[in-house]
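**Q** sequence first, predicted model second:
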Amino acid sequence: MTETASLENQTIVLRSMPEGSVELDHFEFQTAPVPELNDGDILVGVEWISIDAFIRTTFRPGGFHQETPVGAVVGALGAGRVLASKADGYNVGDGVKGPMGAQTHVVAPGAMFELCDEQIAPLQAHLSALGLTTGMTAWVGVRNCGKPQPGDTFVVSAAAGAVGSIAGQIAKLDGARVIGIAGGPDKTAFLTDKLGFDGAIDYRNEDVAERLRELAPEGVNVFFDNVGGEILDIVLDQLALRARVTICGAISQYERTGDVVGPSMYLRLAERQARMEGFAVFHFAESFPEAIAELAQWYNDGSVVMNEQVFEGIEAFPEALLAMFTGKNIGKILVKI
Ligand SMILES: NC(=O)c1ccc[n+]([C@@H]2O[C@H](COP(=O)([O-])OP(=O)(O)OC[C@H]3O[C@@H](n4cnc5c(N)ncnc54)[C@H](OP(=O)(O)O)[C@@H]3O)[C@@H](O)[C@H]2O)c1
């Protein structure tokens, strides 16, 4: 009898490869026995799963992130607690984070995970306000790439989402005038009333180019783009001299497989002596200690607000993922196991 013999792993597997938009029937709930631990392994009881846009890009052969093949557990980051350990440095009860997948239990080498410091923030905050793909991504994109200066006009797209809402708040703390672009009046009200942004544009109901000219008559100094496509072009057309465009992501393009739409307004970069730079958060590991310390301080003193939208139970994972691609979320989407 091992520690794992009586445990059942509940999983969400990919039933078929989505061609365009992701639908609920692309996924299937399955159960499997929890495997035994080899030397160096830990068994984690998953408590929280992070819903991230990159998950969509794993449903494609040859994508940037490791592919999720049909029949496999969907890849996802998570946080949980060590239930059994054969790895140095991990004890039963430790909080850990890392690549856990859409499942209730995971057995894997301890080296794949990191301990969570629960003195600085609760477990789920290590996926949201302090999370690699959320708070840390926003911090790196603002501090290492866009670098807003006091008085700059900083524009962020998908502004009411997880990364966008934190990026805008960091830029405000750094003294910028912040304008968010988001879909719907609830989201724009959240940005101005709850987060204190200086302006917000509802791209579903307003003329973005016209509103941007009103809100940023001197042009945009920093654009933190999460969306790509048409919105990127509209902002490129209104850059100020020596503007910085930070490509964090392009969620409007992730469901397109062979025909990603690139910017047609890129000549504005030359005309405005501007710079466009993309980044992937994991290339900035040297910044993580500083980022996490600052994010934890803001999280605890309330100077950065992280709205969390929680779906209950592993079976809600597909619904939670769809919520992101239909813009139903304000802030970070998490699945609580
Ligand atoms: N560079 C990196 O290392 C890194 C790391 C993590 C995440 N990211 C990127 O950061 C971006 C935001 O990720 P997140 O986790 O914070 O997601 P999120 O912003 O919380 O959720 C995605 C939001 O994007 C908008 N959206 C969804 N589909 C769209 C479409 N077809 N066209 C336009 N807008 C759409 C929706 O907001 P609206 O209702 O406002 O449209 C939705 O709420 C993504 O592009 C992601 O890939 C990059």
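**A** Arrived safely.

**Q** and the pLDDT at Pro61?
**A** Looking at Pro61, its pLDDT reads 76.

**Q** number of nearby residues for the closest residue to it other than its chain neighbours?
**A** Nearest non-adjacent residue to Pro61, counting by Cβ to Cβ, 6 or more residues apart in numbering: Glu67, 5.6 Å away. Placement of C-beta: from N, CA and C, glycine included. Neighbours of Glu67 under the rule other Cβ atoms under 10 Å: 16.

**Q** what residues does the chain put near the ligand?
**A** When proximity is defined by Cβ under 6 Å from any ligand atom, the chain lies next to the ligand at 52-54, 133, 137, 158, 160-164, 182-183, 187, 226-227, 248-252, 279-281, 324-325, 327, 329.

**Q** ok, now which ones touch the residue nearest to Pro61?
**A** Residues counted as contacts of Glu67 (Cβ atoms under 8 Å, 6 or more residues apart in numbering) are 58-61.

**Q** okay, these in a markdown table with neighbour count and distance to Met265 next?
**A** Output for the contacts of Glu67, formatted as a markdown table (neighbours: other Cβ atoms under 10 Å; distance: Cβ to Cβ, whole Å):
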| residue | neighbour count | distance to Met265 |
| --- | --- | --- |
| Thr58 | 19 | 30 |
| Phe59 | 24 | 30 |
| Arg60 | 17 | 27 |
| Pro61 | 8 | 31 |
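
**Q** and stretch 90-108, end to end?
**A** 12 Å (Cα to Cα, to the nearest Å).

**Q** so how far is it from its chain's centroid?
**A** 20 Å (Cα atoms, centre = their mean, to the nearest Å).

**Q** buried set for it?
**A** Of the residues in stretch 90-108, 90, 94-98, 100-108 count as buried by neighbour count, 16 or more other Cβ atoms under 10 Å.

**Q** burial of Glu47, as a residue count?
**A** 20.

**Q** could you point out the helix or strand that follows the strand or helix carrying it?
**A** Using DSSP states H and E, the element containing Glu47 is strand 41-50. Of the helices and strands lying after strand 41-50 in sequence (DSSP H and E), the nearest is helix 54-57.

**Q** any residues touching that next one, and which ones?
**A** The set of residues external to helix 54-57 that reach it, using Cβ under 8 Å, 6+ apart, is 18, 22, 63-65, 68, 74-76, 133, 254-255, 321, 325.

**Q** which of those lies closest to the ligand?
**A** Thr133 (3.9 Å; Cβ to the nearest ligand atom).

**Q** quick one: what helix or strand has that closest one in it?
**A** Applying DSSP H and E, one finds Thr133 in no helix or strand.

**Q** which residues of this structure score low on pLDDT?
**A** Applying pLDDT under 70 to the chain picks out residues 1-3, 5, 257.

**Q** again, only this time at 50
**A** Scanning the chain for pLDDT under 50 picks out the ranges 1.

**Q** break it down into its structural domains.
**A** According to automatic domain parsing, the chain comprises the domains 8-128+307-336, 135-282.

**Q** from the contacts of helix 54-57, which land in helices?
**A** 321, 325 (DSSP state H).

**Q** what subset of the contacts of helix 54-57 is buried?
**A** Looking at the contacts of helix 54-57 with 16+ other Cβ under 10 Å, the buried ones turn out to be 18, 22, 68, 74-76, 133, 254-255, 321, 325.

**Q** pull out the buried positions in stretch 160-174.
**A** For stretch 160-174, a neighbour-count test (16+ other Cβ under 10 Å) marks 160-172, 174 as buried.

**Q** which one of those residues is nearest Gln149?
**A** Of all the buried residues of stretch 160-174, Gln149 sits closest to Asp174, with 7.7 Å by Cβ to Cβ.
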